[in-house]
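> Here's my sequence, what's the structure:
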Amino acid sequence: AATTAATAATAATTTAPMAATNTTTTTAAPSTTAAPTTTTVVPSLTEYLPPTVPGGDTILCQLLETPTPLDTDVVRVGFPLPPKSAPAEGTVKYALVLVDFPDAPGRQDEISPVHESTDLVSAYYNSISDGRLTITWVKSDEFVRVSQASMSYDPTVGNPGGSTHPWGVLLSEEIIALADEIMDFTDTYGVFFYTAAATPYEAAIGPGGWSMFSTMEDTIFSTDEGPLASAYGLTSSQRVRDEPWATWAHEIGHTLGLADFYVRPDPSSFGTDEYSPMGHWALMASQLGATKSMGAWNRWLLGWLTPQQVYCAPPVPLSNAEVTLQPLVRSGDGYKAVIIPINDHKAVVAESRRSEGVDANMGGEGGVLVYTVDTSIGHMQGTQKVQLPDGRDPGPFSYGAWPDALLAVGDRLTVEGTTIEVLQTGDYDRIRFSKVALAETTTTTTTTTTTTTTTLPPATETAGVQDGTFATCGSFLTPNDAQTWFDANPDFGESVD
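Numbers count the residues shown, from 1 in each chain. Reported below is the predicted structural model:
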């Protein structure tokens with residue numbers, strides 16, 4: 001915890017004159033003694049404290065996907081989730097198929113560790129969903145061998161529509177047909193392929209693997225028992241193979257409707273915040289870092305955080321509002337996120353992190369993570385961006401808890417007109433924030449162009465929260481609309497804001 005030093009002012013003491021037995025008087029030289037330095041330590045926060053300002057209606061914090069999404073979307077960054085994605089509650093089954101090649105045979109001792117990795121995926125989702133989602137598996141107990149050498153398969157060739165994306169459709173179809181002879185794919189949503197460890201990294205399928213995600217209605221993959229919405233082949237990268245469960249957990253996130261947070265396709269930006277604006281602070285940003293949590297925004301999007309667990313800042317200006325955060329990795333009551341809407345598609349999110357559970361490798365004492373969410377920025381375009389405390393450099397790229405982003409007691413930052421600081425930590429984190437009014441987006445249309453401008457409505461002392469009650473029934477798009485309506489209806493009640 002940060003400490004504040006308070007040093008007392010120097011106090012002077014003077015020895016009074018003393019008379020001798022003769023007529024000579026001697027005055028002692030003055031002497032001074034410095035008072036001891038005292039240190040004020042911020043006490044550990046062991047009690048969950050209520051907010052100093054009531055939160056607003058959480059519907060304000062369900063930022064919509066912008067522009068209007070399609071029913072055929074596979075992933076989204078804002079509300080609502082794609083209607084045809086895998087359900088985020090209940091039970092979803094996936095298949096694991098072991099694959100080898102004539103030139104890269106699989107070993108028997110590979111099978112058990114790979115099976116254990118799928119169990120880690122199930123445990124992961126049980127934990128982060130607070131038991132809402134159960135992942136089950138059908139697993140092959142032997143390698144299925146495809147017809148050609150590993151170097152012969154190119155995932156960018158033979159895809160629907162001539163696409164050169166690394167979908168690997170031809171290879172996936174061959175593997176599924178072989179596996180269908182020895183496996184039961186009943187009620188299976190998607191399939192994951194584990195390629196033998198001997199598969200050379202130099203093969204076209206080596207560095208990045210291959211994958212194709214769709215919906216059950218639109219998929220091209222089928223088995224005797226029914227369709228498969230997705231097919232993913234594991235890369236030969238050793239870093240990925242060290243923790244295959246984390247990559248599978250990330251890919252399952254896509255089947256649930258979640259987008260990637262990193263930015264593609266410029267490879268020169270790898271290892272910078274330009275490539276990964278969210279660093280390694282969310283599973284959908286990177287599954288290879290020390291932190292493996294699903295961030296609060298995605299949990300909110302998936303329905304794994306209830307309205308009672310989200311403090312949604314009201315749209316009025318606030319000064320020094322205080323909220324206590326329950327660590328995201330722990331179960332229990334209390335706010336897991338503070339969401340501060342900036343406009344209809346952007347928000348600031350604060351959540352509490354601890355080096356426990358799925359984040360056990362994070363290290364340190366934990367703290368508060370702050371990031372922005374922009375639902376007008378899509379898949380692989382950097383929809384979320386971590387925010388660093390004032391004066392802190394992101395530091396060099398690493399596979400640890402990168403960048404050094406957690407706010408400790410005394411740290412603060414300002415982003416999008418919102419200032420956040422950490423007051424206390426312990427069993428919980430207590431933050432204080434100040435913010436401007438919610439920006440309103442208005443659209444002006446002419447015969448040739450459409451211009452979007454963002455303006456801040458004037459702050460008033462009476463808007464928003466009255467006597468502890470936040471009024472949400474009935475609304476206007478702009479203050480001017482409201483004024484026009486009330487001017488035209490002067491008899492509509494008394495003292496109505």
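
> G233 pairs with what?
With DSSP bridges as the criterion, G233 is bridged to F193, W210.

> ok, it touching G209?
Yes: in this structure G233 lies within contact range of G209 using CB atoms under 8 Å: 4.5 Å. The C-beta positions use only the backbone N, C-alpha and C, and glycine is treated the same way.

> Counting neighbours, go ahead and name the busier of these two.
G233 (27 against 21; other CB atoms under 10 Å).

> first to last residue in stretch 183-203, what's the distance?
27 Å (CA to CA, to the nearest Å).

> any shared contact partners between G233 and G209?
155, 168, 195 (CB atoms under 8 Å, 6 or more residues apart in numbering).

> Take these and write them to CSV, including neighbour count.
Formatted as CSV, those follow (neighbours: other CB atoms under 10 Å):
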residue, neighbour count
P155, 24
G168, 28
T195, 29
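
> quick check, nearest of those to P394?
Among the shared contacts of G233 and G209, P155 lies closest to P394 (CB to CB), at 33.1 Å.

> how near is that closest one to G364?
P155 is 39 Å from G364, where distance means CB to CB, to the nearest Å.

> buried sites along stretch 225-238?
227-236 (16 or more other CB atoms under 10 Å).

> Actually, stretch 372-381.
Per 16+ other CB under 10 Å, stretch 372-381 contains these buried residues: 372-379, 381.

> Could you point out which of those is nearest to I128?
Among the buried residues of stretch 372-381, V373 lies closest to I128 (CB to CB), at 17.8 Å.

> on contacts alone, who are the packing partners of the helix or strand where the closest one lies?
Following DSSP states H and E, one finds V373 within strand 367-374. For strand 367-374, the elements it packs on are strand 346-353, strand 384-387, strand 412-415, strand 418-425, strand 429-435, judged by 3 or more CB pairs under 8 Å, 6 or more residues apart in numbering; DSSP states H and E.

> before we move on, back to that, now, which of the buried residues of stretch 372-381 sits nearest A179?
Using CB to CB, the buried residues of stretch 372-381 come closest to A179 at H379, 28.7 Å.

> neighbours around L288, how many?
L288: 16 surrounding residues under other CB under 10 Å.

> Who are the contact partners of it?
Contact partners of L288, counting by CB under 8 Å, 6+ apart, are 239-240, 243, 246, 280, 399.

> what's the distance between S150 and P389?
Distance of S150 to P389, given as CB to CB: 47 Å.

> Of all residues in this structure, which one is nearest the centre?
Residue closest to the average C-alpha location in the chain (CA atoms, centre = their mean): G295, at 2.9 Å.

> out of everything not next to it in sequence, what's closest to it?
In this structure, G295 finds its nearest non-sequential neighbour in A282, 4.2 Å apart by CB to CB, 6 or more residues apart in numbering.

> ok, now H280?
The shortest distance from H280 to any non-neighbouring residue, by CB to CB, 6+ apart, is to G289 (2.6 Å).

> On the three-state scheme, the one you found is what?
Going by DSSP: H, G, I helix; E, B strand; the rest coil, the secondary structure assigned to G289 is coil.

> Now for it, how many residues are close by?
21.

> on that earlier part again, export the helices and strands packed on strand 367-374 as a markdown table, with columns for mean pLDDT and distance to Q326.
Shown next, in a markdown table, are the helices and strands packed on strand 367-374 (pLDDT from 0 to 100; distance: least, CB to CB, whole Å):
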| stretch | mean pLDDT | distance to Q326 |
| --- | --- | --- |
| strand 346-353 | 98 | 7 |
| strand 384-387 | 97 | 20 |
| strand 412-415 | 97 | 21 |
| strand 418-425 | 98 | 12 |
| strand 429-435 | 98 | 9 |
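
> Out of these, the one nearest W300 is which?
Closest to W300 of those, according to CB to CB: strand 346-353, at 8.7 Å.

> For that closest one, which strands pair with it and how are they oriented?
In the sheet, strand 346-353 lines up against strand 337-341 (antiparallel), strand 367-374 (antiparallel) (DSSP bridges).

> Pick the most deeply packed of those strands.
Highest mean neighbour count of the strands paired with strand 346-353: strand 337-341, a mean of 26 (counted as mean count of other CB atoms under 10 Å).

> Span of stretch 360-371 from start to end?
21 Å.

> sec struct for G253, please.
Applying three-state DSSP to G253 yields a three-state assignment of helix.

> So it is in contact with M294, correct?
Yes: G253 lies in contact with M294 (CB under 8 Å); the separation is 7.4 Å.

> Tell me where the chain has helices.
Assigned by DSSP state H, the helices in the chain fall at 111-128, 169-179, 238-242, 244-255, 296-302, 479-488.

> The buried residues of stretch 372-381 into a markdown table, with extra columns for distance to I340 and pLDDT?
Shown next, in a markdown table, are the buried residues of stretch 372-381 (distance: CB to CB, whole Å; pLDDT from 0 to 100):
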| residue | distance to I340 | pLDDT |
| --- | --- | --- |
| T372 | 10 | 98 |
| V373 | 10 | 98 |
| D374 | 13 | 97 |
| T375 | 14 | 97 |
| S376 | 17 | 96 |
| I377 | 18 | 93 |
| G378 | 22 | 91 |
| H379 | 24 | 93 |
| Q381 | 22 | 92 |
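
> quick one, longest strand in the protein?
strand 133-145 (DSSP state E).

> Only the buried residues of it, if you could.
Of the residues in strand 133-145, 133, 135, 137-140, 143-145 count as buried by neighbour count, 16+ other CB under 10 Å.

> any idea how far the closest residue in space to A231 that isn't next to it in sequence lies from M380?
Spatially, and ignoring its direct neighbours in sequence, A231 is nearest to S172 (4.1 Å; CB to CB, 6+ apart). Going from S172 to M380 by CB to CB gives 21 Å.

> before we move on, what about L325?
L325 is 30 Å from M380, by CB to CB.

> about what we covered before: now the shared contacts of G233 and G209 as JSON lines including pLDDT and distance to E65?
Shown next, in JSON lines, are those (pLDDT from 0 to 100; distance: CB to CB, whole Å):
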{"residue": "P155", "pLDDT": "97", "distance to E65": "29"}
{"residue": "G168", "pLDDT": "97", "distance to E65": "28"}
{"residue": "T195", "pLDDT": "98", "distance to E65": "35"}
